[in-house]
Structures are given as C-alpha cells and as structure tokens.
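Undergrad: Take a look and give me a structure for this.
(2 chains)
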There are 2 protein chains.
Amino acid sequence: MQQSTDAMIIDCHGHYTTEPKQLIAFRQQQTAAAGGQGQAPARGSLTITDDEIRQTIEGAQLRLQRKRGIDVTLFSPRASGMGHDIGNAAVSLEWSQVSNELIHRVCGLFPRNFIGVCQLPQSPGVAPASCIDELTRCVSDFGFVGCNLNPDPSGGHWTSPPLTDRWWYPLYEKLVELDVPAMVHVSASCNPSFHTTGAHYLNADTTAFMQLLMSDLFKDFPTLRLIIPHGGGAVPYHWGRYRGIAQDQKRPPLTELMGDNVFFDTCVYHQPGIDLLARVVPARNVLFASEMLGAVKGIDPETGHHFDDTRRYIDALPLSDADKRGIFEDNARRVYPRINARLEKTGSV
Amino acid sequence: MQQSTDAMIIDCHGHYTTEPKQLIAFRQQQTAAAGGQGQAPARGSLTITDDEIRQTIEGAQLRLQRKRGIDVTLFSPRASGMGHDIGNAAVSLEWSQVSNELIHRVCGLFPRNFIGVCQLPQSPGVAPASCIDELTRCVSDFGFVGCNLNPDPSGGHWTSPPLTDRWWYPLYEKLVELDVPAMVHVSASCNPSFHTTGAHYLNADTTAFMQLLMSDLFKDFPTLRLIIPHGGGAVPYHWGRYRGIAQDQKRPPLTELMGDNVFFDTCVYHQPGIDLLARVVPARNVLFASEMLGAVKGIDPETGHHFDDTRRYIDALPLSDADKRGIFEDNARRVYPRINARLEKTGSV
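TA: Numbers count the residues shown, from 1 in each chain, chains lettered A, B, ... in the order given. Predicted coordinates:
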C-alpha cells in the first residue's frame, strides 16, 4: 500500500457492479415484463442472504480497497444498470427501491467500508419531483449521503430539459434541504451511436458542465453541489476552450463558476490525464474516485497496475500535502457533509 | 512571427466564419421557406463581388494567418452553418453547392493562402451516397482536397447509424477513390441539451473515436483517412480509459488502430491540453489546426495571446524537429495528398 499522505482515503465513486445474480435475474424479468414479455417479478421473490452479499463484496471491491489503501467508498447501484429508459415511472421506482435497499444492506454489513449513495427513480418525461420520496427515504432512513442524478433518463436521446431548467428545481430544493450532493451520471446508452462507457458517460459530463457554465443555477441554489464524474469528461483537456467561451459569453471565470458548487472526480485512468486535471482545476474542486470495478478492468501494460488504480496517479502528483489531503478526504467531507456523522459512528474519524 | 521550424505551416481546419452578409441573408430566406415561411430565394439573387469576398478575408483569416505565420489554411464553409437538419435533401444540396462555390471563389482569389474543403449535402435519413456528386464536383472541378463529414445530420438527436455502419460505405468508397480524407465534424446543435461549440462538437469527436475503436472499418477501407477535430474530443485526456477498453475488448492497441487512418487536429486552446495531446498521441497522427475564427475569439489573459493561436502551443512542445515538421506540414501532405499539387501550382512548395 502506498502512503504519501496520512489522509483518510475516501473514494466518492463506486458502484455495486458485482451484484448478486438474483438481482440481475429480477431485473431481467422486470425488463421483459415492461416490454410485454411475461409477468413482472414479485418483490418478495427476490431473496439474497447476507452471506451471498458478503461473497460478492469481499473478493472484489473490499479486496481492492484494502490492496489500494482506500478507507471508504461512497457506494451506489451500478450506473449502467439504472436503465431509466426501461418501462415507466412505476418500474423505475420499484427497481430503484430494490437497488437502493441492497446498497443499504451492503453498507450495514461493511459499515466501515461503504457509505450509501442512491439511485433515483427517474423516468423519461416524468418530473424529477417524483424522485423526492425515494431520495428522502435513502437519506433519512438509510443514512445515504448523496445520489446519482441522470441528466438523460432517455438513455442517449437527450430528451430532457438541461439540468439548469426549472424542471429540475423541486429535486434541487430537496437536495439542498437534505444537504446532500448529486453526482451527474447517466446510465447505459440505448442509442447505437453512443458506446456507454466510451462515449455516453464522457459526453454527459461535458454536456452537463457546459449547461452549468451558461446558467445562473447556483444563484438560485447557492449551496447545491454537483459532482461531474470521470474527471469532468472533456472539460479539463479543453480548459482553455471553456475559459475562452466563458470570457466571450461574459460569464464568470471557471474557477469562480465551479466555486463551492461543481466538482470533478479523479476517474481518469492514466497519469498524463490526472496530471492535466491537477494542472488546470483547483485542488479544492477535485474529489478522489476510482469507479472500480467499472469501465476498465484490466492492467495497464505500461505500468503493471490496474488502469483504475487512480490512487497511484494522485500520489504521484507534485501537489502540497494539503491539496492531496483535500482531494483524498477534506473535499469529500465538505461536499458530502453527511459522511462525517457516518464515519464518527463507525469510529473511522 | 515565431519560428521554431522551417516547415510550411498548414492549418488543416478553417471555416469561412466571416462570410458575406448576402450569404447569411440567402440562408435565412432559404431556412424560412423550408419552414413554410415565404418563398425560397432564387440562386441567381445571390450576388457577391470579388471585392466583397476580399474584404471578409483580408481583415480576418488572412490577417491572422500572416500574424501567426500560417502559410495555408484548408478552408471550408462554416461548420455550425451546415445545418443538415434544416429542410430536406434538396435544400441541403442547394445550400451546400452555394457554400462550396463561395469557398472555391475564396481559394481562387487567395490561391496561396486557402485550399478548399467541402461541405456535404447530408440530410437526416438520406443515404450518404447522395453526397457523392457534390463531393466529386468539389474535388474534380474545384480542386478541393477533403470534406467535412457530419456523423449526426440531425443536429443533436443522433438518429443516424454509427460511422462504422455500411450505411456510410458508398461515400467512403468515393473518398478512397478520390484519395481525399474526411474531417468528422458536426454542425450546430438543435438539441437544447447540447451547446454547439462547448458540448456537441466535442461529444461528436469522442463518439466517433469510440465507434471506430469498436469496429473493423479500416479493414474494409485500408486507405480511408478520417480527421477527428478539436484534439480528438475527450479522447487524449482519457487515453488510459480507451487503452483499457480496447484491451478489455480484445481490440488492437490505440496507436495501431489509429495507424494511417485516424488523426486528431490541434484545436485545443491552452498549453496544458496540447502538452497532453503530444504526450499520449503519436506525432504522426496529429495535424496542426486552429479553427480560427471559430469557437473562441478572445485573448487569454494568462498568456496575452488569442486562445486559438495554437501555433504557439506546438512551438513550445518538447518534440523533435521532425515531429514538429510532421504536425505542421508532413502529416497534412500525407493525409490530404491533393494539397501537394495545389501547392506546386502556386509555387508554395
């Protein structure tokens, strides 16, 4: 295990990508029924034992956490599996509830290692206010500390209003009231143009940032906090383009615009990319994350380490200890303030 | 003027963004008519004198070419103005012909400074084979050396098959036969989710690269050459992600995949971005470009120079003279072989 800092290492972006096969079977049956094939599965038919959950975690996320020296992961249902385009709002609600409850069980079994982040029961064309009850349940009843917000529930057709539209405001009001942030994260693409992890995810990040750049959303919600994952999509690479567009459009400088509202994670799977991120984006706007086991599972032949072992890239940065501590721990505590109580409870502080 | 190399400086990506106001009025009238408002304009009603063309160029692209030491620009109609989603195939054909003819006049008036690249008369749902006649006219009759190929003629709804689908093959066959490359470039977004220059352009670049990564297109067309502009969208920043996905999917290494078929331009408007590009992408796959006057028109307060004065960033790279010469000149001559004859004709060799 590397040790370049005494910070707690908080990975703000993990999904339950090793979910039990019963959950996958449940979803397949639910999806088929939504498409007119067969009966929807009864919720009670889904039985998963604690031991089965432990098995899916111990050899995967937990093993890699330990190997890489990650203390705790903010853990949510598989992003590509949210499938908000499938079925209708009722299907999405049931699937979200089932998925979130399973995350809650993982967090209960491994309270020092995982803190919950919820999937929202979004559905194309349905007002985001419909997600408030499930969000509240996850935060208030389960102790979750954030949510994943899909800017394109259609799955690659981009039929929803931009994130800066008042369409989303009731949900933002609840996020602010509960003091939890949202990670802007799409699900699988059902548009053949867009590869899910190689195009749609990154495009969504870029798209969301540009929507925020052109809007005064944070004047209406000064304490709303949004995390744009995958290192901010294309944004840091094109930082000059965005600085220039902001200037041409009489918008505030990007650092002011991001302020205490917009954050990028470190899911960028090579050293040159992380170097660029750290070179242009203020450290206080960067949160450590690896999204393992996620889009890229292999070992980089150039380094001998997993592509998604992002901690190594941060360790290698020529940043001050304070900045690294910010990226690994302090920024996450600020952006997701509810993790502080969770960590105190488990004695991890 | 800087001089770090004795190479000819070929800018492979310029649009006629200072087009005469008569052209804009023509298009407005044509667009209105396509939407059912008024009469379509008669083609003969569009009169622009040579002096008017000179005026639009001399104080703009030509002045900046000279100031920045750019020898020649591959010049095409305004990308955001292609508007393939407007009207139908007949509207698109007329607009493309008018736009290309104007580029031809610019190149005739300034033969040492501009070489033509054409707009294709694409239209959503219409087979790309419909573009072959106009492509052939521009290359054979006007001496153009390439074309812009829109992977999403719908303007942000992404309703076309991926670029790797056989849908596009007849056009690729003609490109190969004529020995001209295509720059993959979308037009303006009519989807409110996507800002044109801040999201749609970069998303399209990322999307196209990922389509190519997953396909054996270049086995079918070993000599087809595609330029992905804007520095390859998000790709170099996420080079590790793409290397990892390629490896997981048993695809060839990225450098092999790009080979003599896929190229990125240097329209990345800050030094850290260009540094990253040069660090991860082989120099032989990079073509100098600035896309001026384009998405970003201002001066970077951090440098005192225009954001889009990309030559400075290349000059500052720690590359060999041979690599810089490749980026500025040799790669463009290889990718757009028809420029050689053009340059000989004007004595610019």
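
Undergrad: which ones are touching the closest residue to residue A:198 other than its chain neighbours?
TA: Of all residues not flanking residue A:198 in the chain, residue B:210 sits nearest, at 3.9 Å (CB to CB, 6 or more residues apart in numbering or on different chains). No exception for glycine: its C-beta is placed from N, CA and C like everyone else's. Contact analysis of residue B:210 by CB atoms under 8 Å, 6 or more residues apart in numbering or on different chains lists A:194-195, A:198-199, B:242.

Undergrad: Go through the residues you listed and flag which are in strands.
TA: Nothing among the contacts of residue B:210 maps onto strands, per DSSP state E.

Undergrad: okay, those in TSV with pLDDT, neighbour count and distance to residue A:86 next?
TA: As requested, the contacts of residue B:210 are arranged in TSV below (pLDDT from 0 to 100; neighbours: other CB atoms under 10 Å in any protein chain shown; distance: CB to CB, whole Å):
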residue	pLDDT	neighbour count	distance to residue A:86
A:194	98	28	17
A:195	98	23	19
A:198	98	28	21
A:199	98	29	20
B:242	98	27	28
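
Undergrad: Please produce a markdown table containing the residues you listed, extended by distance to residue B:26.
TA: As requested, the contacts of residue B:210 are exported to a markdown table (distance: CB to CB, whole Å):
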| residue | distance to residue B:26 |
| --- | --- |
| A:194 | 35 |
| A:195 | 39 |
| A:198 | 40 |
| A:199 | 36 |
| B:242 | 42 |
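
Undergrad: what two of those have the greatest distance between them?
TA: A:194 and B:242 (14.7 Å; CB to CB).

Undergrad: for chain A, what are the low-confidence residue spans?
TA: For chain A, the stretches flagged by pLDDT under 70 are A:1-4, A:349.

Undergrad: what about the strands in it?
TA: Counting by DSSP E, the strands of chain A are A:10-16, A:72-77, A:114-119, A:146-149, A:182-184, A:226-228, A:262-265, A:286-287.

Undergrad: any idea how far residue A:163 is from the residue in the stretch 1-150 of chain A positioned nearest to chain B?
TA: Proximity of the stretch 1-150 of chain A to chain B (CB to the nearest CB) peaks at residue A:150, 12.3 Å away. Here residue A:150 is placed at a distance of 10 Å from residue A:163 (CB to CB, to the nearest Å).

Undergrad: Same drill for the two, tell me which one is more crowded.
TA: Of the pair residue A:150 and residue A:163, residue A:150 is the one with more neighbours under other CB atoms under 10 Å in any protein chain shown, namely 28 against 23.

Undergrad: Let me see the contact set for the residue of chain A most remote from its centre.
TA: Distance from the C-alpha centroid of chain A peaks at residue A:38, with 32.8 Å (CA atoms, centre = their mean). Residues in contact with residue A:38 (CB under 8 Å, 6+ apart) are A:29, A:32.

Undergrad: Okay, it and residue A:32: tell me how far apart.
TA: 5 Å.

Undergrad: In contact with residue A:74, which residues?
TA: A:10-14, A:114-117, A:145-146, A:332, A:336, A:339 are the contacts of residue A:74 under CB under 8 Å, 6+ apart.

Undergrad: got CSV for the residues you listed, with neighbour count too?
TA: CSV is the format used below for these (neighbours: other CB atoms under 10 Å in any protein chain shown):
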residue, neighbour count
A:10, 25
A:11, 30
A:12, 30
A:13, 27
A:14, 25
A:114, 26
A:115, 29
A:116, 24
A:117, 31
A:145, 26
A:146, 28
A:332, 31
A:336, 25
A:339, 23
